[in-house]
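S.K.: Just to be clear, the model below is a prediction. Sequence and coordinates:
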Amino acid sequence: MAKADARTIASLLREYAQRTSLRGGNPYRAKAYARAADSLSALSQPIGRIISAGALTSVPGIGDAIADIVTKLFETGTHPNLEKLRKEVPAGVLQLFALPGLRPDKILKLHEALGVTSLAELEAAAKEDRIRPVKGLGASLQTKILQNLSIARSGETQLHLHKAAALLEHAVTALKADHPEYSRVEIAGDFRRGCELVSDLAIVAQGKDTAKTGNSSLKLFVSDKKHFGAELLHATGSQTHLDQLKAYAEGKGFDLKADGLYRGRKLMVSAREEDIYEALGLQFIAPELREGRGEIGRAAKNKIPELVSDKDLRGTLHSHTTASDGTETLEAMADATRKRGFQYYGVADHSQSAHYAGGLSLEEIAEQHREADRLNKRYGDRFRILKGIEADILADGALDYPHSVLEDFDFVVASVHSRFKLPKKEQTERILAAIRNPHTTIIGHMTGRQLQRRPGYEIDIDRILKGCAKHGVAVEINAHPWRLDLDWRWHQKALDYGCIFSINPDAHSIRELDHMHWGVEMARKGGVPADRVLNAMPLPKLLAHLTKRKRAIAKGKSRRAPARDASVR
């Protein structure tokens, strides 16, 4: 019998994970199978070769136990335990795992109590109000199912950025080891364009021969040096950008093909992407901008700004510690931030209404401020802890502490954490009221979305952006890969209105401080330059900016600041 390929084995292992989770027990076992399946789906070399070399355990997420399962799946196309599990529930039940937030125990309950065996049957049960009366399910779950069905259909094969990054990093490493003759290996596709969800995993390698290989999850393009730039351009996309670029080239008397830019039959340029854009009289268009949203017209007028980069950020302004729901102390988080080369760490633990997250009481605020003062004395001029808070925006738009408390913070991140289902007008007015609060420095994760988990709450983003610009409140680009909020598609509108941004990790651990990179990717995709980012300011300029705001509050002045206040530059 023919051996299974990596794609098939990944699918079988994912099925194994889902069926295992339906049994209950240790949830980490099923998650481990799922992580291993993701790694297998992005292999850049035949799995048979890896197994023959005894190198399965070098694949991320695969230890000895899972390696044995994978080997059995490769050799026979199944596994005895999988066959036993298949007898317990029909295959269609596994479709329900695509629904965000639907736990395995609820999936099993839906099947056993209502006979649901597919997404279509689940939708019918929800629309017919059959889920609400079932004990253990209820009205809330029924509503959530109806809301999230569209997410399940659209995002089934998409990966979050950080997960795609891990798979691609391993694929590149394996490819270089397997093909030392490749002098250059570059990631392309959705990931290179900084898309918030990635479905097109692609790699371009430079070798002597040209080829296109891979599976449906990972595509490998091999090009010679002469045509590498054209191959990278086309493997990066987007298709809309390429179509528009081809049309623009035709208007200039050129023909853009997959292997380069031609004039008549003569190949003009193809070795470097930069050369192709230059030959067309265009400013170089960064990969993140290539979505067919007017970037070619701006490039023709030399109107694309220098986009913000990782090296431009000088500090963080939204992270959590053990004082609320973080896993590390203030000192540990600050030290880790300093070691990463930043100049300041803005602590922003949850406020008192966030009982679920250990929100800070007045006594705990005072204690944290004393700790920050002690640490700042130790850091001297080398580094600074900024005293902030993530204040809940209450239902009426008020912040979670009175003026006398808020004035003690260096900055305030105002965020919605409750009442997500308010009508659009009420939700919008609620956030606008928080923006008008003179203590608000940043509006956190404006829409509240969680990618592939829940849509954002209904708000008038346009009005809120205008409010932020009017009152000098920064718009957060929340860098947590599950959020990436505000959506990059709104960034240009925010820039046009005069908004400033703050790129924040929303870190709850040291490891999550590195989320900053994903926020930068979103800012670049939205066309944001460094001079419009609050935490791209060096410490002295940021302190001057925050002090200016505090003085204006103390004097009772309006915070209505010029949209492009020099202090923001």
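M.R.: In hand now; what should we look at?

S.K.: Would you double-check that Gly346 falls in a strand?
M.R.: Yes: with DSSP: H, G, I helix; E, B strand; the rest coil as the criterion, Gly346 is assigned to a strand.

S.K.: Now do the same contact list for it.
M.R.: By CB atoms under 8 Å, 6 or more residues apart in numbering, the residues touching Gly346 are Gly315, Thr316, Leu317, His318, Ser319, Ile385, Leu386, Gly388, Asp410, Phe411, Asn504, Asn535. Glycine gets a C-beta too; all of them are placed from N, C-alpha and C.

S.K.: OK, contacts around the third one?
M.R.: This means Leu317. Gly346, Ala348, Leu386, Gly388, Phe411, Val413, Thr441, Ile442, Ser502, Asn504, Leu534, Asn535.

S.K.: Within the helices and strands, which one has it?
M.R.: Per DSSP states H and E: Leu317 is located in strand 315-319.

S.K.: what's downstream of that strand, the next helix or strand?
M.R.: As assigned by DSSP H and E, the chain's next helix or strand after strand 315-319 is helix 330-339.

S.K.: which outside residues touch that next one?
M.R.: Contacts for helix 330-339 (CB under 8 Å, 6+ apart): 315-316, 319, 321-323, 326, 328, 344-345, 347, 368, 371-372, 375, 379, 382-383, 385, 507, 510, 513.

S.K.: hmm, try it at 6 Å
M.R.: With CB atoms under 6 Å, 6 or more residues apart in numbering as the test, helix 330-339 has contacts from Ser319, Thr321, Tyr345, Val347, Glu371, Leu375, Phe383, Ile385, Ile510, Leu513.

S.K.: which of these sit farthest apart?
M.R.: Across the contacts of helix 330-339, no pair lies farther apart than Glu371 and Leu513, at 18.6 Å, counting by CB to CB.

S.K.: More neighbours: these two, which one.
M.R.: Between Glu371 and Leu513, counting by other CB atoms under 10 Å, Leu513 is the more crowded of the two (22 against 19).

S.K.: Does that one touch Gly519 like I think?
M.R.: No: the pair Leu513 / Gly519 is not scored as a contact, 11.3 Å apart, by CB atoms under 6 Å.

S.K.: Can I get the contacts of helix 330-339 in a markdown table including distance to Gly527 and pLDDT?
M.R.: Shown next, in a markdown table, are the contacts of helix 330-339 (distance: CB to CB, whole Å; pLDDT from 0 to 100):
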| residue | distance to Gly527 | pLDDT |
| --- | --- | --- |
| Ser319 | 26 | 97 |
| Thr321 | 33 | 97 |
| Tyr345 | 28 | 98 |
| Val347 | 30 | 98 |
| Glu371 | 39 | 98 |
| Leu375 | 37 | 98 |
| Phe383 | 31 | 97 |
| Ile385 | 32 | 98 |
| Ile510 | 31 | 96 |
| Leu513 | 25 | 97 |
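
S.K.: Return the closest of those with respect to Ile187.
M.R.: Once CB to CB is applied, the member of the contacts of helix 330-339 that ends up nearest Ile187 is Leu513, at 22.9 Å.

S.K.: Just grab the bridge partners of the closest residue to that closest one other than its chain neighbours for me.
M.R.: Spatial nearest neighbour of Leu513, chain neighbours left out: Ala507 (4.7 Å); criterion: CB to CB, 6 or more residues apart in numbering. In this entry, Ala507 is beta-bridged to Ser319, by DSSP bridges.

S.K.: I'd like to know how many residues surround Ala507.
M.R.: A count of nearby residues for Ala507, using other CB under 10 Å, gives 27.

S.K.: Likewise for the one 10 residues further on?
M.R.: In terms of burial, His517 registers 18 neighbours under the definition other CB under 10 Å.

S.K.: got the contact list for stretch 103-113?
M.R.: Defining contact as CB under 6 Å, 6+ apart, one finds that stretch 103-113 is touched by Ser21, Leu22, Val93, Leu96, Val116, Val134, Gly136.

S.K.: In contact with the first one, which residues?
M.R.: Which is Ser21. Listed by CB under 6 Å, 6+ apart, the contact partners of Ser21 are Ala30, Pro104.

S.K.: right, and the secondary structure at Ser502 would be what?
M.R.: strand.

S.K.: so it touches Ile442, yeah?
M.R.: Yes: Ser502 lies in contact with Ile442 (CB under 6 Å); the separation is 4.9 Å.

S.K.: Tell me where the stretch 301-450 of the chain has strands.
M.R.: For the stretch 301-450 of the chain, strands defined by DSSP state E, counting those that start in this stretch occupy the ranges 315-319, 344-350, 384-392, 411-415, 442-443.

S.K.: Format those as a markdown table; extra columns: distance to Ala494.
M.R.: Shown next, in a markdown table, are the strands of the stretch 301-450 of the chain (distance: least, CB to CB, whole Å):
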| stretch | distance to Ala494 |
| --- | --- |
| strand 315-319 | 17 |
| strand 344-350 | 21 |
| strand 384-392 | 21 |
| strand 411-415 | 17 |
| strand 442-443 | 11 |
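
S.K.: between those strands, which one is nearest to Pro481?
M.R.: strand 315-319 (14.8 Å).

S.K.: For that closest one, what is the distance to the chain centroid?
M.R.: Strand 315-319 has its C-alpha centroid displaced from the chain centroid by 17 Å (CA atoms, centre = their mean, to the nearest Å).

S.K.: got the angle between it and strand 411-415?
M.R.: 50 degrees (axes from the mean of the first three to the mean of the last three CA atoms, to 10 degrees).

S.K.: buried sites along strand 315-319?
M.R.: Under the neighbour-count criterion of 16 or more other CB atoms under 10 Å, strand 315-319 has Gly315, Thr316, Leu317, His318, Ser319 buried.

S.K.: cool, and stretch 70-84?
M.R.: Within stretch 70-84, the residues that count as buried by 16+ other CB under 10 Å are Val70, Lys72, Leu73, Phe74, His79, Leu82.

S.K.: In the stretch 151-300 of the chain, mark out all the strands, start to finish.
M.R.: For the stretch 151-300 of the chain, the strands defined by DSSP E, counting those that start in this stretch cover 159-160, 184-188, 197-198, 201-206, 211-214, 218-223, 255-257, 260-263, 266-269.

S.K.: can you redo the ones you listed as TSV with mean neighbour count, distance to Ala4 and mean pLDDT?
M.R.: TSV is the format used below for these (neighbours: other CB atoms under 10 Å; distance: least, CB to CB, whole Å; pLDDT from 0 to 100):
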stretch	mean neighbour count	distance to Ala4	mean pLDDT
strand 159-160	22	22	89
strand 184-188	19	27	96
strand 197-198	21	25	93
strand 201-206	23	20	95
strand 211-214	13	17	70
strand 218-223	22	17	92
strand 255-257	18	37	97
strand 260-263	19	39	97
strand 266-269	14	42	96
